[in-house]
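A.B. asks: Sharing a model that was predicted from the sequence below.
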Amino acid sequence: MVIDPRLSIIDIRLKGIKRVIAVTGGKGGIGKSLTASLLALTLSRLGYKVGLLDLDFSAPSTHVILGIGIGIEDAYPEEEKGIIPPEVHGIAFMSIIYFTGNEPAPLRGTDISNAMLELLAITQWGSLDFLIIDMPPGISDVAMDVIRWLRGAEFIVMTTTSKVALETVTKVIKMLEELKMPIIGVIENMKLKLKLKNSSPVQEAMKEFNVTLLGEIAFDTNLEDIISDGDLNKLVASDFGASINRIVLKSLL
Ligand SMILES: Nc1ncnc2c1ncn2[C@@H]1O[C@H](COP(=O)(O)OP(=O)(O)OP(=O)(O)O)[C@@H](O)[C@H]1O
Ligand SMILES: [Mg+2]
């Protein structure tokens with residue numbers, strides 16, 4: 001078996017971080033990136049030293065949510081025996097976009113895993129209270145690889161109320177349990193006032209796995225405008241932001 005030397009470097013790179021929290025979920029478009037961005041923003045505004053790592057190489061989006069630019073006038077990673085993430089809005093930020101720009105990353109399959117391994121091995125986070133990671137969606141090979149490298153990470157799993165999303169979430173939970181990764185809990189996002197026979201299907205499903213439901217976040221009809229405005233104070237003060245704040249205070253501190 002060939003052991004990649006970069007694997008042991010990842011442990012060294014993450015050594016100065018008190019808690020690594022990865023946001024994952026079974027499906028696309030269920031609010032992983034928004035949740036990861038707001039967790040980072042909320043914790044940073046509470047005075048913690050926070051990093052945000054966007055590991056969704058196919059569709060990086062935390063920089064869009066937080067309005068982080070990659071033009072020549074913007075902050076960029078600095079080389080110093082590896083690379084130091086720039087601090088943006090008080091958050092140490094790292095994403096593939098610093099290397100690919102706004103072009104799609106020309107990577108497939110194992111090349112993506114390799115690029116992620118490289119990014120984890122070269123990024124110098126220094127000391128942090130929290131590193132929040134926006135994970136690639138689902139239980140793809142790439143997601144499985146990343147989970148194996150993040151020894152010591154804790155997971156937040158996103159779902160919506162739909163049976164379809166729940167089906168894949170249970171797969172993610174089983175996979176995390178098989179890999180012996182700790183699960184902080186599940187967030188039910190985009191909750192609508194649906195007419196359901198079972199008033200709380202997510203809660204029921206989570207009982208079966210002995211996993212905590214951290215909170216429910218309602219579908220916020222103002223959110224799109226707030227994100228487009230790019231005003232982070234409004235984002236933190238939005239209904240979505242208030243829900244994340246409650247989850248942070250109740251479950252992460
Ligand atoms: N509670 C909510 N209310 C309204 N809109 C929401 C809510 N949560 C997320 N959204 C919107 O849904 C879209 C998808 O969210 P996001 O990009 O965070 O999902 P994702 O799980 O990271 O998706 P992907 O798998 O494509 O990376 C975004 O436009 C986001 O603004
Ligand atoms: Mg995303």
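C.D. replies: Thanks, I have the structure now. Ligands and ions are numbered 1, 2, ... in the order given.

A.B. asks: tell me the average confidence for stretch 17-25?
C.D. replies: Averaged across stretch 17-25, pLDDT comes to 96.

A.B. asks: Is ligand 2 within reach of that stretch?
C.D. replies: No. Using CB under 5 Å from the ion, stretch 17-25 stays clear of ligand 2, with a minimum separation of 8.8 Å. Every C-beta, even on glycine, is put in place using the N, C-alpha and C of the backbone.

A.B. asks: Run the chain-centre distance for that stretch.
C.D. replies: 7 Å (CA atoms, centre = their mean, to the nearest Å).

A.B. asks: do stretch 7-20 as well
C.D. replies: Distance, centroid of stretch 7-20 to centroid of chain: 17 Å (CA atoms, centre = their mean).

A.B. asks: Quick one: end-to-end length of it, please.
C.D. replies: Taking CA to CA, to the nearest Å as the measure, stretch 7-20 stretches 16 Å from start to finish.

A.B. asks: what does stretch 75-92 give?
C.D. replies: 11 Å.

A.B. asks: Lys18 and Gly152 touch, don't they?
C.D. replies: No. With contact defined as CB atoms under 8 Å, Lys18 does not reach Gly152; the gap is 10.1 Å.

A.B. asks: can you tell me the distance between the two ends of stretch 11-31?
C.D. replies: 28 Å.

A.B. asks: got it, and stretch 226-238?
C.D. replies: Stretch 226-238 has an end-to-end distance of 8 Å (criterion: CA to CA).

A.B. asks: Give me the residues contacting it.
C.D. replies: 38, 41-42, 45, 64-67, 89, 220, 222-223, 241, 245 (CB atoms under 8 Å, 6 or more residues apart in numbering).

A.B. asks: which of those residues count as buried?
C.D. replies: Neighbour-count burial (16 or more other CB atoms under 10 Å) is assigned, among those, to Leu38, Leu41, Thr42, Arg45, Ile65, Leu66, His89, Asp220, Leu223, Gly241, Asn245.

A.B. asks: Restricted to helices, list these.
C.D. replies: Leu38, Leu41, Thr42, Arg45, Ile65, Leu223, Gly241, Asn245 (DSSP state H).

A.B. asks: Show me the two of those that sit farthest apart.
C.D. replies: Using CB to CB, these reach their maximum pairwise distance at Arg45 and Leu223, which is 18.5 Å.

A.B. asks: what's the average pLDDT for the helix or strand harbouring Ile247?
C.D. replies: Using DSSP states H and E, Ile247 sits within helix 239-247. Mean pLDDT, helix 239-247: 97.

A.B. asks: Tell me how far the residue in the chain positioned nearest to ligand 2 lies from ligand 1.
C.D. replies: Proximity of the chain to ligand 2 (CB to the ion) peaks at Ser33, 3.2 Å away. Using CB to the nearest ligand atom, to the nearest Å, Ser33 is found at 3 Å from ligand 1.

A.B. asks: quick one: contacts for the closest residue to that residue other than its chain neighbours?
C.D. replies: Spatial nearest neighbour of Ser33, excluding adjacent residues (CB to CB, 6 or more residues apart in numbering): Ser61 at 4.5 Å. Ser61 sits next to Ser33, Asp54, Asp134 when contact means CB under 8 Å, 6+ apart.

A.B. asks: got it, and Asp239?
C.D. replies: Ile217, Ala218, Asp220, Asn222, Leu223.
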